[in-house]
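Undergrad: Provided below are the primary sequence and the corresponding predicted coordinates.
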Amino acid sequence: MTSVNVRTESTSEATSESEDSGPSGYAAARLRLLHEESRSGPPRRSALSGLTDDWLAGLFQAGSESVLRGVALVAVGGYGRGELSPRSDLDLLLLHDANADAAEVAALADRLWYPVWDLGLALDHSVRTPSQARKTAGEDLKVHLGLLDARHVAGDLGLTAGLRTAVLADWRNQAPKRLPELRELCEERAERHGELGHLLEPDLKEARGGLRDATALRAVAASWLADAPREGLADARRRLLDVRDALHLATGRATDRLALQEQDQVAAALGLLDADILLRQVYESARVVSYASDVTWREVGRVLRARSVRPRLRAMLGGRSAVAERTPLAEGVVEHDGEVVLARTARPERDPVLPLRAAAAAAQAGLPLSLHAVRRLAASVKPLPTPWPAEAREQLVTLLGAGRPTVEVWEALEAEGLITRLLPDWERVRCRPQRNAVHTWTVDRHLVETAVRAAELTRRVGRPDLLLIAALLHDIGKGWPGDHSAAGEIIARDVAARVGFDAGDVAVVACLVRHHLLLVETATRRDLDDPATVRGVAEAVGSVGTLELLHALTEADALATGPAAWSAWRGALVADLVKRVVAVLSGDEAGVASAEGAADRPPTAEQERLAVEAFRTGGPVLALRARAEEEASGGPEPLGVELLIAVPEQAGVLSAVAGVLAVHRLAVRTAELREVALPSGIEGVAGSVLLLDWRVAAEYGSLPQAARLRADLVRALDGSLDIAGRLRERDAAYPRRRGTVAPPPRVTVASAGSRLATVIEVRSQDAPGLLHRIGRALEAAGVVVRSAHVSTLGANAVDAFYVTGADGGPLSGERAAEVARGVEEGLRVLAGS
């Protein structure tokens, strides 16, 4: 017998008691059940499924007894799971063996289908033999998924049981082929319908994180290939089904789209205070499903890759099993099998910075954090002290500066509650809807998206760390009543202080949050030719540096809001306003004086002692200042340790020292280089020594001994140590993972930066050996580095080099531009390698 598969559209559900006794009795009972206030949620769905089972079983058994042998009525899909919502389709399969009489089966089908249609219920039905059902499932993934939930309703139980067994066996045998198809289907659906966890009018079923994805996770589990994280998944699915039930009852239609005009009524039906609370529950549930999907599909991919590689690898290894390599990424953090996991030696209970360090390493490498790692961190890590240690602050900035990979890592931390433990104020904006058509995201996701956009603009500012933190906090006040900018300023001030910024930086972050709408509102709503308008903005921001940050934040905020929030026209207006404000603020030369004054500070007693020793011995002298000594001196805990180096003045010192540090896997957090003149009383001869004051931290492991550093530095200065070769060997042995394409390096000449030297400013993505390569480029350009001021803020290097020509004076404008271009071209080649 040929199979039949027809979908009938729903019209309206009849409830009149005047119809014949069968349908009318079911209709009346169904109507009473749907309006029972005492029964809702899973009990009502189960009761509705049971009521429908009884009615259909009665219709099935009303015919001749002969047809009952070798024929079964099977519920599939949502009905098969016993999850009938008020307006759900009835998904039915009339199953018969090959010996059943075709005419009797057709008559039975009519006896079943027509009463359903008469009541106006949507019906998805088919009539097939077990072999036909299996063949169709093999050709149509959606049919196969529906049959995985097959449940017996009436007739030959053995026939149903046999089909279920065969369909599950087929699914498990075909899993390597079907699961990639299912994943592709889920991704295509997400592309069409968006993310349930952020949409103002979401589709509860089709959007990413919706009911279809929850069903897909059941199918993956049925394959025995992988399983979804169970914690919270069942509750999330139940909440989404409850909302769909209330939506069906509110609209009287079989809809899964939670439209704005229905949300208040649906919220009231669920006993919620308002539509915002309803959406927040929907978003929270969707995120649980989405995160479980991400974890599950990663595991599926890992298992399938292992299955495809293992036979070939075993043959190569002579039958031995291969062990996936563990590549170090940071202290206590390694890459293993495509995920970031904790090192075997990691001790989360003793290392409160480890969650941020692992997250930053994962985002910078473009890798996911493993579920086990995140859960172990959530279960065992201790709270950070207040204020945070410098390393914790730097790791947060590094995480935020990683660009697009930040989102997935942030979601992993949030799924296990780590974000709100790190930043308690986050709870008020988490999953908070934004009832503005311009906004694409919820408040919390918008904040993360703004940080992602800000990471693209870090080359435009002198303090990328403050830009990224302000981006993360600029709308934090939306969780409180009143003006969110004013409320946010207070919260941002508190958060920035807790994170460990000093008072000056806290004030800048607070200013950025308070005025994050100032530029765009002024540029589009005020007369820029009015001097009072420009003066008002200048008074609000206070300095060119803060204005520079606010300009970047304004653009990042608008780009993260949605396509309607930013345009070339708006950008031009804001840029014009910024230019006018800079003109007002440009009289402030305090920054220049401060920068030049740094080079004129007298050396400390320890620095002078090292300089004298270096001059007397004619070689480098260095000292590592232990953290305990610095803590005893008071003040906040610095990042890494201080490394003081004194070297008799000669060419190539900066690149040599930076190269030695890179070879020993020491990350440079800050550095200063300056010349110290020694009086003629020392050995009867006057001279000068280059003094380098570094703040360094081991990428992972312990610090090298000072004696080893000095020995390699001596070799580097006399040319016997091939630093470039050593760095190439290291990069080849441990290739650096790149999670995203970083903004290109930017090298500029600071106008009016100094009266004594030319200031070359470098803003670039930090990388091992970066400072060594900059030093080499400056040496190749034939300039002398008089002093240097190096800062690594998260993953961003912000460096200033005071250089002179051979005559000891500043470079000409043309020569300075040539040097800057040369350094930038070299760094761009490095970034692309």
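TA: Looks like it came in fine.
Undergrad: C-alpha only now, for contacts and for neighbours.
TA: Fine.
Undergrad: so where's the stretch 651-800 of the chain uncertain?
TA: Under the criterion pLDDT under 70, the flagged ranges of the stretch 651-800 of the chain are 679-687, 733-740, 752-754.
Undergrad: In it, what residue spans correspond to helices?
TA: 653-663, 706-718, 723-733, 770-780 (DSSP state H, counting those that start in this stretch).
Undergrad: With mean neighbour count and distance to Leu467 added, can I get those helices in JSON lines?
TA: Output for the helices of the stretch 651-800 of the chain, formatted as JSON lines (neighbours: other CA atoms under 10 Å; distance: least, CA to CA, whole Å):
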{"stretch": "helix 653-663", "mean neighbour count": "25", "distance to Leu467": "27"}
{"stretch": "helix 706-718", "mean neighbour count": "16", "distance to Leu467": "35"}
{"stretch": "helix 723-733", "mean neighbour count": "14", "distance to Leu467": "31"}
{"stretch": "helix 770-780", "mean neighbour count": "21", "distance to Leu467": "22"}
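Undergrad: quick one: the nearest residue to Asp351 once chain neighbours are set aside from Val784, how far?
TA: Residue nearest to Asp351 in three dimensions, not counting chain neighbours: Val381, with 7.0 Å by CA to CA, 6 or more residues apart in numbering. Remark: distance between Val381 and Val784 (CA to CA, to the nearest Å) = 48 Å.
Undergrad: Tell me which of these two has more neighbours.
TA: Val784 (21 against 18; other CA atoms under 10 Å).
Undergrad: Let me know which of the helices of the stretch 651-800 of the chain is the nearest to Glu613.
TA: helix 706-718 (13.8 Å; CA to CA).
Undergrad: what comes into contact with that closest one?
TA: Helix 706-718 is contacted from outside by 619-624, 652-653, 656-657, 660-661, 721-723, using CA atoms under 8 Å, 6 or more residues apart in numbering.
Undergrad: Can you get me the centre-to-centre distance for that helix and its chain?
TA: Relative to the centre of its chain, helix 706-718 is centred 41 Å away, using CA atoms, centre = their mean, to the nearest Å.
Undergrad: Check stretch 94-101 too.
TA: With CA atoms, centre = their mean, you get 53 Å for stretch 94-101.
Undergrad: Alpha carbons of that stretch, in PDB - could you do that?
TA: Taking Å, rounded to 0.1, in the frame of the first residue of the first chain, the C-alpha atoms of stretch 94-101 are listed here in PDB:
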ATOM      1  CA  LEU A  94      -1.400   4.800  11.200                       C
ATOM      2  CA  LEU A  95       0.900   1.900  11.200                       C
ATOM      3  CA  HIS A  96       0.000  -1.400   9.500                       C
ATOM      4  CA  ASP A  97       1.800  -4.600   8.500                       C
ATOM      5  CA  ALA A  98       2.100  -5.700   4.900                       C
ATOM      6  CA  ASN A  99      -0.700  -8.300   5.300                       C
ATOM      7  CA  ALA A 100      -3.400  -5.800   6.400                       C
ATOM      8  CA  ASP A 101      -6.300  -5.300   4.100                       C
END
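Undergrad: buried stuff in that stretch?
TA: 94-97, 100 (16 or more other CA atoms under 10 Å).
Undergrad: tell me which of the residues you listed is nearest to Leu573?
TA: Relative to Leu573, and with distances defined as CA to CA, the nearest of those is Leu94, at 67.4 Å.
Undergrad: Looks to me like the closest one is in a strand.
TA: Yes: the assignment for Leu94 is a strand, going by DSSP: H, G, I helix; E, B strand; the rest coil.
Undergrad: That one is in contact with Gly70, isn't it?
TA: No: the pair Leu94 / Gly70 is not scored as a contact, 10.7 Å apart, by CA atoms under 8 Å.
Undergrad: Tell me where the stretch 1-150 of the chain has helices.
TA: 21-34, 41-61, 77-80, 102-118, 130-139, 141-147.
Undergrad: Please identify the most buried of those.
TA: helix 77-80 (a mean of 23; mean count of other CA atoms under 10 Å).
Undergrad: elements contacting that one?
TA: Packed against helix 77-80 by the contact rule (3 or more CA pairs under 8 Å, 6 or more residues apart in numbering; DSSP states H and E) you find strand 90-96, helix 141-147.
Undergrad: Show me the shaky parts of the stretch 451-600 of the chain.
TA: Checking the stretch 451-600 of the chain against pLDDT under 70 turns up 587-600.
Undergrad: and the residue nearest the centre of the chain, how far is that from Glu416?
TA: Centroid check for the chain by CA atoms, centre = their mean gives Val407 as the closest residue, at 1.4 Å. From Val407 across to Glu416, the span is 15 Å (CA to CA).
Undergrad: repeat for Ser370
TA: Taking CA to CA, one finds Ser370 at 12 Å from Glu416.
Undergrad: Of the two, which one has the most company?
TA: Using other CA under 10 Å, the more surrounded residue of Ser370 and Glu416 is Ser370, with 22 against 18.
Undergrad: pretty sure the more buried one is touching Glu339, no?
TA: Yes: shown here, Ser370 and Glu339 form a contact pair, counting by CA under 8 Å, at 5.6 Å.
Undergrad: show me what contacts Leu447?
TA: 471-475.
Undergrad: and which of those is nearest to Val513?
TA: Distances from Val513 to the contacts of Leu447, taken by CA to CA, are shortest for His474, at 4.6 Å.
Undergrad: give the contact list for the closest one.
TA: Applying CA under 8 Å, 6+ apart, the residues near His474 are 447, 485, 488, 492, 512-514, 516.
Undergrad: how does it look with 6 Å?
TA: Val513 (CA atoms under 6 Å, 6 or more residues apart in numbering).
Undergrad: Over to the one 10 residues further on?
TA: In this structure, His484 makes contact with 477-478, judged by CA under 6 Å, 6+ apart.
Undergrad: Look up how far Ala492 lies from it.
TA: From His484 to Ala492 the distance is 11 Å (CA to CA).
Undergrad: Likewise for Gly725?
TA: From Gly725 to Ala492 the distance is 46 Å (CA to CA).
Undergrad: same deal with Leu400?
TA: 16 Å.
Undergrad: quick one: which of those two has more around it?
TA: Leu400 (33 against 30).
Undergrad: related to what we said a few turns ago, which one of the buried residues of stretch 94-101 sits closest to Ala226?
TA: Nearest member of the buried residues of stretch 94-101 to Ala226, counting by CA to CA, is Leu95, at 30.6 Å.
Undergrad: Understood, closing this out.
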